[in-house]
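Chemist: Below is the sequence, then the predicted model.
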Amino acid sequence: MIERRFKTRSVNGTLAIGENVAELLLPAPRLIVLRGELGAGKTTLVKGIAASLGAAEPEDVTSPTSR
């Protein structure tokens, strides 16, 4: 198992890290585990990953806690 940690201080920075993470997920399939406090930016990161992979528009990615 490889553990990588990323740090950002802005939404745009988190989206950009999502694009970088998307590159690490190819070729598929890969497993990624996201963990963190409520409001840590997990959903924002997934928005960047999904957009980079062409899987979803950022506005289509929602947090299960915001439902």
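Modeler: Nice, thanks for sending it over.
Chemist: List the buried residues of stretch 53-67.
Modeler: For stretch 53-67, a neighbour-count test (16 or more other CB atoms under 10 Å) marks 53, 61 as buried. Every C-beta, even on glycine, is put in place using the N, C-alpha and C of the backbone.
Chemist: If you count neighbours, what's buried in the lengthiest helix in the chain?
Modeler: Counting by DSSP state H, the longest helix found in the chain is helix 11-24. Under the neighbour-count criterion of 16+ other CB under 10 Å, helix 11-24 has 14-15, 17-18, 21-22 buried.
Chemist: helix or strand right after it?
Modeler: helix 42-53 (DSSP states H and E).
Chemist: Let's see the pLDDT reported for G54.
Modeler: Looking at G54, its pLDDT reads 94.
Chemist: so what's it up against?
Modeler: Under the criterion of CB atoms under 8 Å, 6 or more residues apart in numbering, the contact list for G54 is empty.
Chemist: Check the gap between it and E19 for me.
Modeler: Going from G54 to E19 by CB to CB, to the nearest Å gives 12 Å.
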